[in-house]
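# Please work out how this folds:
(chains A, B, C and D)
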Amino acid sequence: MSELFRLTKTSLYFGNTPVIHEANLTIKNGGITCIIGPSGAGKSTLLRSLNRMNDLIADFHHKGTIMYNNRDIYDKGLRLEGLRREVGLVFQKPCLFPGSIHDNVIFGIRHIREKKKEGFKVIAERTLKAVGLWDEVHNRLDSPAIGLSEGQAQRLAIARALAVGPKTLLLDEPTSSLDHRSARAIETLVKELGRTMTIVIVTHKLEQAKALADDVVFICEGKICEAGEAANIFSHPENIETRCYIEGSPPLDPTLPYPE
Amino acid sequence: MRVRVKDICFFSLCLMAAATAISLLFIIIGYILWHGAPAINFAFLTEGSRDFGAAGGVFYQTTGTVLLMFTAGLIALPIALGTVLFSHVYLGPSYKKTTDLFIYALNGVPTIIFGLLGYIIIGEGLHLGVSWVTGSIILAVMILPSMAVSIDEALSAMPHKYRDAALVLGLGRWHLIRTLLLPRSLPGVLTGLFLGLARAAGETAAIMFTATAFSGVGLPRGISEPVATLQTHILVLAGEATNPRALTNAWGAALILVTLVLALSLTAMFIRRQVRMEAEI
Amino acid sequence: MFHLNKDRAAGIVLGTSFLITMALALFILAFLLAESLPVLREEGLSFITGQVWYVAGDIYGALPMIYGTLAVTLLALIIALPLGIGSAVITSEILTGRTRHIVKSLMEMLAAIPGVVYGLIGIALLTTSVRDLFGLMDGNTIFTAGLLLGIMILPTIMTLSDDAMRSLPGELRAQGRVLGLSHGQTIRRVVLPGSIKGITGAVLLGVSRAMGETISVMLVIGSLDRLPTPIYNVFTSGQSITSKLGREGAEGLGLGLQWSALAGLGLMLFISVMALTFTGNIIRGGVRPKKSKNHEVTG
Amino acid sequence: MILKRVYTFVTGFLLVTLLVMVPGGTAAAKRASIRVTGSTTVLPVAARAARSFMAAHPDVRITVNPGGSGMGVKSTGRGLADIGMVSREITDKERALFKDVDFNVMVFARDAVACVVSSEVYEGGVKRLTREEIKGIYSGTIKNWKEVGGPDRDIFVIDKEAHRGTRHVFMEYVFGEKTPAARGADLVSGANNEEQTKVSQSNSAIGMLSIAWINKDVRGMAIAENGKTIMPTKDNIINGSYPISRDLTFITNGPPQGVVKDFLDYIMSVQGRKIIKDSGYVPLK
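Coordinates of the predicted model:
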């Protein structure tokens, strides 16, 4: 399978603090890649840097290269908006705009001529169906989106991202603030989407990673500890931190006395 | 026990300060009302002034003040909005502090300096003379920063998540502005507009030798004619403080001016408060 | 491509307005500098130290104006500082909800009253009262101008100090009370020292406002270009930089050394006000006043 | 939605203002306007004449602004006013500033500058002053009214802004030069109205004013000269006995033309002379 992203010696900084340190990583085209690791490891930062969403943070800067389809995403000739339309991203917490459900779905495409020709209604219906929200909202598309439940809102956010027509979708812990049932719905949705597009998902839930992942990237303290096929890593983690994390015990700290 | 005594002294001093401050407002407003109200009648509001302000009304002065302030707002608003949008969308956050510093600097420029330079640069340099348009441009420059600050406050108060959520969909800068920032900046635009108008309406030093004429002014027939304003009218009549008729008319004009300015500021405060309440929900 | 062009077009339009705004302050500074060069060359240091301003002889010494500006500002501060901070203590630490909001709005109204109306009040009420109260020959004095300015900058100092105190976290007050301090002690030992930066910033901004105010000062200061004797006698007529500009500006505009001297006065005023505004805003913590979201009970 | 409505309102406001401005701007070109600036002594004549002239010529707009004679000369010199009101001679310094301007001076009336005092001083016994006494007062050597035969009160000396016509004329008589420094001054005023106000607010003031501003609170001093006492009256202006008198003038850049000429001619006409007289001055024959 071809590679989609290639990170070479990529370091990501907020101010002088490196959040990700000299990461080398490839993410292949197609399928679902899960980024896992303890909280604070830099998973989200890594994910957000894939479509340059970190650029908005005042003291962010990076070193090394991030290639997307063999092209440096910081290349001067590259259109940032184009990149973001190809590489969609859904945040941890759904952020809906004031306005109706319909407005929210088409928010990213309202000004694209080709999409207008296709018809916003059609696109809205297609994407809402894709995220399984159509049945719940089709009779109140014009009512404010604020009234949706958290789970519905997250699915609406995914629909909004899909409406733009991305080839890749980045998901940043999309279920972390949801109840169990909504989370399951999202997981099913992600699994479904993974058949037709590349998905990179950050999660700290092991079961979720196990259920979804084709590939796994394990990050710990800003370093890529291990990356590869999910089956391999879950059954034979090579790295001690990975193993500890997967087995659910804290990583051993050699400076501490061994617990009795 | 000594603590208690100290506390009582401290609080009563503070209370006296606050009472003084508040009563100052009431004394001033009351004084203006007391002296200005007798001048106010239908003729005063609808007639031109006669006898060098000692008789007649302040109709042209009132319209002049309103015209100047509106045109100043008209010129300043797009520039202020453009400035803030540019610094928010096109410049990175690292430039924010510098930008703010400049805007605050402009906000601090004494208004008399705007008047002097405006006269030289706009009045003479651009050959616009002592006129409505000269005054409008000068006032526009003067109210530009306070408008920018209001708009900037509204945009900065918008949580970053909205901007992120729009950008992540691949929206271009212009579309980000159109779909998100413009609607969100509206309360700030309105607050800034009203604050700016209030400032422009109350300003004298910047226009007293750039935009106004004392006598012979009706409704301006064009932007290159001078206007009469309440502010400069009061200024001239203030020089005649011993002529009771002139003084009464000065107070009448002051009452109209204060009413206008306070109405504008209160509207601005009201809008800003609505926005704050919304932001807190 | 369609998008890129729109973005760029918008960038050019917005960028232009941005540049206009940014250029204005610099332009004013450059213009004043250029215009005041002749008088600085002609007079040198004596432009600042000279006591005689005599247009007919082209002698321009600005000391009386500098003195007047400093004197009225200082007087204004002496009046507004205790009143402003005292009121701020009340609004920030005692009043809550609706009352607090009303009081603050009233203060903002005080700030909104135009300078020329203050001037009118000054001429009709203040000058005669000052004259009768202090047994002077005339009430058009530096003191009267300072008094009037004090009232005018009171709202600035009060509302900004209030902001500064409100932006202190509520836990700090709770901590003070837990340690056994009384309410008053908490304010004096915790709140006031804690918000000293914001208050200083507020005072500087108030001072800059006082320095730049023209009309009201011009109407009551007496417009005499002379240092008082003795120097601290503020119960005589004087001249501030702004009142000089307001009085002589129209006549001296743009021509000869007189204009250069007026521009020089403007430059001095501009630089001092800018310095105060900058420092004031920087001291207040970043340029932006922090909005007090904590314990804000909106009534 | 409310947002939309408000935006509509704002756009509407902008459009309406534009609509008001644009036709206004185009209409102005067709009609004549005259800008008159300068001496506050001349202002009443100009303003009254302008009012009646405009009544007869609705297409002409004449605006009149106070500012002092200096302002009148300079505004005319730099083309910011069509007519300058000047109550004194144009100084050499002013002529030097405007080498390229050919000032056309039209004298239309005679006026006198009176030394004025507060009514309390007048009634306290000071009814005339000599040139030396006035000089002493303005240079600060005479400080109390009792030194010139008045009540025992400090003299409150009111000066005028240096470019004012009234001051030029007054000082030329008192000090022999147009722009001396008056070290005895306690206060500086600007327009005639302001000077009048300051004098009448005080009970011990001395000042200088055109005789048209003399009233019951502001009394004109007689000038004692060569054993004679000359009152500042119109008659004494006409017979030339009052020493501090002057021409009131309108100045233009070059000979007046078009409506400006029409207006100046109007001032010299019978109606104009009546206005001059009513304003308190002596129209020229």
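# drop to CA atoms for contacts and neighbour counts, all remaining ones
Noted.
# dump the residue contacts of A:H138.
When the contact criterion is CA atoms under 8 Å, 6 or more residues apart in numbering or on different chains, A:H138 has no partners at all.
# same thing with the one 5 residues further on?
With contact taken as CA under 8 Å, 6+ apart, A:S143 is in contact with A:G99, A:S100, A:I101.
# Go again with 10 Å.
Counting by CA atoms under 10 Å, 6 or more residues apart in numbering or on different chains, A:S143 touches A:G99, A:S100, A:I101, A:H102, A:D103, A:V137.
# now do A:I201
Counted by CA under 10 Å, 6+ apart, A:I201 has contacts A:32-36, A:43-44, A:47, A:89-90, A:169-174, A:190, A:209, A:212-213, A:216.
# which stretches of the stretch 151-285 of chain D form helices?
With DSSP state H, counting those that start in this stretch as the definition, the stretch 151-285 of chain D shows helices at residue ranges D:165-175, D:192-201, D:234-238, D:258-268, D:270-278.
# can you redo these as TSV with mean pLDDT?
Formatted as TSV, the helices of the stretch 151-285 of chain D follow (pLDDT from 0 to 100):
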stretch	mean pLDDT
helix D:165-175	95
helix D:192-201	91
helix D:234-238	92
helix D:258-268	95
helix D:270-278	94
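# Quick one: closest of these to C:K104.
C:K104 lies closest to helix D:192-201 among those, at 37.3 Å (CA to CA).
# how far away is B:Y162 from B:L176?
Distance from B:Y162 to B:L176, counting by CA to CA, to the nearest Å: 10 Å.
# and these two? which has more neighbours close in?
B:L176 (19 against 16; other CA atoms under 10 Å in any protein chain shown).
# so the more buried one, which of the three states?
Per DSSP: H, G, I helix; E, B strand; the rest coil, the local secondary structure of B:L176 is helix.
# which non-adjacent residue is nearest it?
Once flanking residues are discounted, B:L176 sits nearest to B:A166: 6.7 Å by CA to CA, 6 or more residues apart in numbering or on different chains.
# what does A:T196 give?
A:G30 (7.4 Å).
# hmm, the helix or strand containing C:V207 touching chain B?
Assigned by DSSP states H and E, C:V207 belongs to helix C:196-212. Yes. Judged by CA under 10 Å from any CA of the partner chain, helix C:196-212 and chain B are in contact via C:L205, C:S208, C:R209, C:A210, C:M211, C:G212.
# Mind listing what's buried along that helix?
Of the residues in helix C:196-212, C:196-212 count as buried by neighbour count, 16 or more other CA atoms under 10 Å in any protein chain shown.
# how about it as PDB, C-alpha atoms only?
Written as PDB, here are the backbone C-alpha positions of helix C:196-212 (Å, rounded to 0.1, in the frame of the first residue of the first chain):
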ATOM      1  CA  ILE C 196      -1.400  48.000  42.100                       C
ATOM      2  CA  LYS C 197      -0.200  47.400  38.500                       C
ATOM      3  CA  GLY C 198      -3.700  47.900  37.100                       C
ATOM      4  CA  ILE C 199      -4.300  50.900  39.200                       C
ATOM      5  CA  THR C 200      -1.000  52.500  38.200                       C
ATOM      6  CA  GLY C 201      -1.900  51.800  34.600                       C
ATOM      7  CA  ALA C 202      -5.300  53.400  35.200                       C
ATOM      8  CA  VAL C 203      -3.600  56.500  36.700                       C
ATOM      9  CA  LEU C 204      -1.200  56.900  33.800                       C
ATOM     10  CA  LEU C 205      -4.100  56.700  31.300                       C
ATOM     11  CA  GLY C 206      -6.000  59.300  33.400                       C
ATOM     12  CA  VAL C 207      -2.900  61.500  33.400                       C
ATOM     13  CA  SER C 208      -2.500  61.200  29.700                       C
ATOM     14  CA  ARG C 209      -6.100  62.200  29.200                       C
ATOM     15  CA  ALA C 210      -5.700  65.200  31.500                       C
ATOM     16  CA  MET C 211      -2.600  66.300  29.500                       C
ATOM     17  CA  GLY C 212      -4.400  66.100  26.200                       C
END
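# give me the number of residues near residue 47?
All of this is about chain A. A:L47: 20 neighbours (other CA under 10 Å).
# To clarify, I was referring to chain C.
Count around C:F47 with other CA under 10 Å applied: 22.
# returning to that earlier point: check the secondary structure at the residue nearest to B:L176 for me.
Quick answer, by three-state DSSP: B:A166 is helix.
# shouldn't it be in contact with B:G172?
Yes. Using CA atoms under 10 Å, B:A166 is in contact with B:G172, at 9.1 Å.
# Could I get the full set of helices for the stretch 151-281 of chain B?
Here the stretch 151-281 of chain B has its helices, by DSSP H, counting those that start in this stretch, at B:160-167, B:173-176, B:182-202, B:230-238, B:244-280.
# what does the stretch 51-200 of chain A give?
In the stretch 51-200 of chain A, the helices defined using DSSP H, counting those that start in this stretch lie at A:80-86, A:101-105, A:113-118, A:120-130, A:134-137, A:150-163, A:180-194.
# Report how many residues lie close to the nearest residue to A:R85 once chain neighbours are set aside.
Nearest non-adjacent residue to A:R85, counting by CA to CA, 6+ apart: B:G170, 4.6 Å away. Under the neighbour criterion other CA under 10 Å, B:G170 is assigned a count of 27.
# Check what pLDDT B:G170 gets.
At B:G170, the pLDDT value in this model is 85.
# if I pick it, what's in contact with it?
A:51, A:79-89, A:108-109, A:161, A:164, A:166, B:176.
# Out of the helices of the stretch 151-285 of chain D, which gets nearest to chain A?
Proximity to chain A, assessed across the helices of the stretch 151-285 of chain D by CA to the nearest CA, is greatest for helix D:192-201 (58.0 Å).
# Grab the longest helix from chain C for me.
Counting by DSSP state H, the longest helix found in chain C is helix C:2-43.
# residue contacts, the closest residue to A:S177 other than its chain neighbours?
Closest residue to A:S177 apart from its sequence neighbours, by CA to CA, 6+ apart: A:K93 at 6.9 Å. Counting by CA under 10 Å, 6+ apart, A:K93 makes contact with A:150-151, A:153-154, A:157, A:172-178, B:161.
# can you rerun that using 8 Å?
Contacts of A:K93 (CA under 8 Å, 6+ apart): A:Q154, A:P174, A:S177.
# Nice, that's everything, thank you.
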